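Undergrad: Quick one, what's the 3D model for this:
(chains A and B)
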Amino acid sequence: MNILVCVKQVPDTTEIKIDPETNTLIRQGVPSILNPFDGYAMEAAARIKDKDPETKIYVISMGPEQAKAVVKECISLGADKGYLVSGREFGGSDTLATSYILSESIKKLQKDEGITFDMIFCGKQAIDGDTAQVGPEIAEQLGLPQVTYGLEAFVEGDELHVHKEIEGGKQVIGIKFPCLVTFTKPSFDPRYPTIKSKMAANKAEIPVIGFADLPDIDQTKIGLKGSPTHVKASFVPERKTGGVVIKEEDDEASAKKLFTMLSEAHVI
Amino acid sequence: MEAKTKDLWVFVETNEDGSPKNVGIELLTPGRMMADKQGGKLVAVVIGCGCDAAVKEASAHGADQVIVADNEVFKQYTTDAYAIALVQLVEKYGPLSMMIGATNNGRDLGPRVSSRLQTGLTADCTALDINDDGNVAWTRPAFGGNLMATILCPDHRPQIGTVRPGVFKKSEPGEEKAEIIKEDITVDPSDIRTRIIEIIKDMDAENVDLEGAEIIVSGGRGVGGPEGFEPVKALADALGATVGASRAAVDSGWISHSHQVGQTGKTVGPKLYIACGISGAIQHLAGMSGSDVVVAVNKDEDAPIFGVADYGIVGDLFKVLPVLTEEVKKVRG
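TA: You can find the predicted model right below:
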């Protein structure tokens, strides 16, 4: 079985702060990390390989040169081979254009390696854009069936059984190969790399797939110009201000005052 | 594709019993304003099985027209069957724009449909408007709620967006005046490439309706442990409220994920949100900033939650909540 894991390097959004003077995001000093949901996808792939060591795991990321770091991180977690899709021509792509570029890159990889990916795993969404679109859009452009919100996946004969999070519980879905699955946070923690696997991953060659490597790509469907959606404006959300702070002589008195205020305001 | 009409579509997702998911009906509220500004009809698109209830509700909440595809094959949601049906309808009628509730299924379906139609999709919108040129201005949070972005899709039709549940309120039901159009859509079983093997209901999750809750009492790291949720639950019971939680409390294993409010949990919009021992990380604020009134109880007076609270108590939740619960019980019996 061959698994392709699609990953993205993202800013750690929990570290992002707002500059109160300019009301803009402070990006400086914010660490770049492997998108956590992509880490869950990588873990799901590694668990399949644990059971069947013949499994080959490939990793692909689209981004600038420094995004090789997250590809290497996946190699340290058990991936066999990694690729970076990178090029000036791809800049400014929205989710549809991004998924098109990735789909074309995946087709090229399959051709070059002489294989078919039985499974393509993605994170549910990236924590910077939060769109949850690229996975299903790759599935559509490659004509694959999909399951989103996966928690765990098991190979059972000619099907993949995916435990999927639904509102009010879980579903077990059977899906035929080849397929695409996106993963959300499971109940277990993903594995950590060892020092040895980290050192080996650091030495790994990460071939780059650029614009020139995709001669059949439709130029009208990539980059800023090929993207149907455009960001017109961005702004820091307004936060409520001027709330009442209640601080009576003790907590009991504060609680009673709060109750009175909520009653008077007809909130309760 | 080219739009054939100026109509605005709202996809109304159905439950297995044929009732509509709340968000589909909620979206008819901004949909009314948008359709009027676009100069077209407000159309509810209902896909399901035995879904008369959803059709009636869409009609009562302001749809001018309801297009319904009612078939056994749509009883349970599958990506393949729903994508085939929705794409077929869009191609036949050519709406100018379409909104889909950002439920798990809506977020599964939206990108599948938009990429098949080769058009733009804006995910998880929290504010909507129509520009003078007729384009929808889709506003959504990004970077974990740190930044809001307004997105346009100027040259591709239909313009599609998913919209978060709980952001808009349902309108008061009125006269059912919509024109009902029944569409006979069949899907070849071989085109459905997934099968549901098992459904494991989480009895706890079943009872947690955060998105529809009028009052939510939430606990965070400050409750200190699973037993720390007892006073939170007691207050929730007295108020007839739903119990929520921050990611810190869920990650610590004190309460199940079905209670989580925030970026990786549920987005809520109750009339009253009481945050107990929650510091107010931006990811949490992103999930509850649609609440009408926010109350915060926290020991740390510098906690960011006070920045969004209408009423804040700097104090010990274990002392504050029992007194508040008693006061509520006095009034509510």
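Undergrad: Mind giving me the packing neighbours of the longest strand that chain A contains?
TA: The single longest strand within chain A, with elements called by DSSP state E, is strand A:146-156. Contacts defined by 3 or more C-beta pairs under 8 Å, 6 or more residues apart in numbering or on different chains; DSSP states H and E place strand A:146-156 against helix A:36-51, helix A:134-142, strand A:159-166, strand A:169-176, strand A:179-183, helix B:79-93, helix B:104-116. The C-beta positions use only the backbone N, C-alpha and C, and glycine is treated the same way.
Undergrad: strand partners of that strand, parallel vs antiparallel please.
TA: Looking at strand A:146-156 with DSSP bridges, its partner strands are strand A:159-166 (antiparallel), strand A:179-183 (parallel).
Undergrad: Buried deepest among these, which one?
TA: Ranked by mean neighbour count, the strands paired with strand A:146-156 are led by strand A:179-183 with a mean of 27 (mean count of other C-beta atoms under 10 Å in any protein chain shown).
Undergrad: which regions of the stretch 1-150 of chain A sit below the pLDDT cut-off?
TA: Within the stretch 1-150 of chain A, the ranges that satisfy pLDDT under 70 run A:20, A:23.
Undergrad: ugh, wrong one, I meant the stretch 151-268 of chain A
TA: For the stretch 151-268 of chain A, the stretches with pLDDT under 70 are A:239-242.
Undergrad: For whichever residue of it sits closest to chain B, give me phi and psi.
TA: The nearest approach of the stretch 151-268 of chain A to chain B comes at residue A:228, 3.2 Å away (C-beta to the nearest C-beta). The phi/psi pair for residue A:228 (degrees, to the nearest 10) reads phi -70, psi -30.
Undergrad: ok, back up a step: could I get the helices and strands packed on strand A:146-156 in JSON lines, plus columns for distance to residue A:198?
TA: Compiled in JSON lines, the helices and strands packed on strand A:146-156 are given as follows (distance: least, C-beta to C-beta, whole Å):
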{"stretch": "helix A:36-51", "distance to residue A:198": "14"}
{"stretch": "helix A:134-142", "distance to residue A:198": "27"}
{"stretch": "strand A:159-166", "distance to residue A:198": "29"}
{"stretch": "strand A:169-176", "distance to residue A:198": "33"}
{"stretch": "strand A:179-183", "distance to residue A:198": "23"}
{"stretch": "helix B:79-93", "distance to residue A:198": "38"}
{"stretch": "helix B:104-116", "distance to residue A:198": "34"}
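Undergrad: For residue B:8, which of these is the nearest?
TA: Ranking the helices and strands packed on strand A:146-156 by distance to residue B:8, with C-beta to C-beta as the measure, places helix B:79-93 first at 11.6 Å.
Undergrad: Next, the angle strand A:169-176 makes with the closest one.
TA: If you take axes from the mean of the first three to the mean of the last three C-alpha atoms, to 10 degrees, helix B:79-93 sits at 80 degrees to strand A:169-176.
Undergrad: Average pLDDT for the helix or strand just after helix B:79-93, rounded please.
TA: With elements assigned by DSSP states H and E, the helix or strand that comes after helix B:79-93 is strand B:97-101. Averaging pLDDT along strand B:97-101 gives 98.
Undergrad: by contact count, what packs against strand B:97-101?
TA: strand B:8-13, helix B:22-26, helix B:28-38, helix B:104-116, strand B:159-163.
Undergrad: Neighbouring strands of that strand in the sheet, and parallel or not?
TA: Short version: by DSSP bridges, strand B:97-101 pairs with strand B:8-13 (parallel), strand B:159-163 (parallel).
Undergrad: possible to save the ones you listed as a markdown table with mean pLDDT and mean neighbour count?
TA: What follows is those, written out as a markdown table (pLDDT from 0 to 100; neighbours: other C-beta atoms under 10 Å in any protein chain shown):
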| stretch | mean pLDDT | mean neighbour count |
| --- | --- | --- |
| strand B:8-13 | 98 | 29 |
| strand B:159-163 | 97 | 28 |
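Undergrad: Adding distance to residue A:76 as columns, could you present those in TSV?
TA: Formatted as TSV, those follow (distance: least, C-beta to C-beta, whole Å):
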stretch	distance to residue A:76
strand B:8-13	41
strand B:159-163	35
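Undergrad: wait, which of those is closest to residue A:191?
TA: Once those are compared by C-beta to C-beta, strand B:159-163 is nearest, at 33.0 Å.
Undergrad: can you pull out the helices in the chain?
TA: No chain specified, so I'll use chain A. A:36-51, A:68-76, A:95-113, A:134-142, A:195-203, A:251-264 (DSSP state H).
Undergrad: To clarify, I was referring to chain B.
TA: B:22-26, B:28-38, B:52-60, B:79-93, B:104-116, B:203-206, B:229-239, B:247-251, B:282-288, B:317-332.
Undergrad: ranking the ones you listed by mean pLDDT, which is last?
TA: helix B:203-206 (a mean of 65).
Undergrad: quick revisit: tabulate the strands paired with strand A:146-156 in JSON lines, adding columns for distance to residue B:253.
TA: Shown next, in JSON lines, are those (distance: least, C-beta to C-beta, whole Å):
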{"stretch": "strand A:159-166", "distance to residue B:253": "17"}
{"stretch": "strand A:179-183", "distance to residue B:253": "20"}
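Undergrad: of all the residues in the stretch 51-200 of chain A, which ones are close to chain B?
TA: With C-beta under 8 Å from any C-beta of the partner chain as the criterion, the stretch 51-200 of chain A meets chain B at residues A:94-96, A:99, A:127-137, A:139-141, A:145-149, A:161, A:165-176, A:179, A:184-185.
Undergrad: and the residue lying closest to residue A:131 once chain neighbours are set aside, how many neighbours does it have?
TA: Nearest residue to residue A:131, sequence neighbours excluded (C-beta to C-beta, 6 or more residues apart in numbering or on different chains): residue B:123, at 4.1 Å. Counted with other C-beta atoms under 10 Å in any protein chain shown, the neighbours of residue B:123 add up to 27.
Undergrad: residues in contact with residue B:123?
TA: Neighbouring residues of residue B:123 by C-beta atoms under 8 Å, 6 or more residues apart in numbering or on different chains: A:130, A:131, A:132, A:133, B:102, B:107, B:110, B:111, B:140, B:161, B:162.
Undergrad: If we use 6 Å, what do you get?
TA: The contact partners of residue B:123, taken as C-beta atoms under 6 Å, 6 or more residues apart in numbering or on different chains, are A:131, A:133, B:162.
Undergrad: Look up how far residue B:155 lies from it.
TA: Plainly put, residue B:123 is 19 Å away from residue B:155 if you go by C-beta to C-beta, to the nearest Å.
Undergrad: Check residue B:52 too.
TA: 39 Å.
Undergrad: Show me which of those two is the more surrounded one.
TA: Using other C-beta under 10 Å, the more surrounded residue of residue B:52 and residue B:155 is residue B:52, with 14 against 11.
Undergrad: before we move on, the earlier item: what are the buried residues along the longest strand of chain A?
TA: By neighbour count with 16 or more other C-beta atoms under 10 Å in any protein chain shown, strand A:146-156 contains the buried residues A:146, A:147, A:148, A:149, A:150, A:151, A:152, A:153, A:155.
Undergrad: Equivalent analysis for stretch A:51-69, please.
TA: So stretch A:51-69, judged by 16+ other C-beta under 10 Å, has buried residues A:55, A:56, A:57, A:58, A:59, A:60, A:61, A:62, A:63, A:67, A:68, A:69.
Undergrad: One more: stretch B:233-247?
TA: Quick answer for stretch B:233-247 (16+ other C-beta under 10 Å): B:233-236, B:238-239, B:241-247.
Undergrad: what's the closest of these to chain A?
TA: residue B:239 (6.5 Å).
Undergrad: Verify the stated contact: that closest one with residue B:215.
TA: Yes: if you go by C-beta atoms under 6 Å, residue B:239 and residue B:215 touch, sitting 5.1 Å apart.
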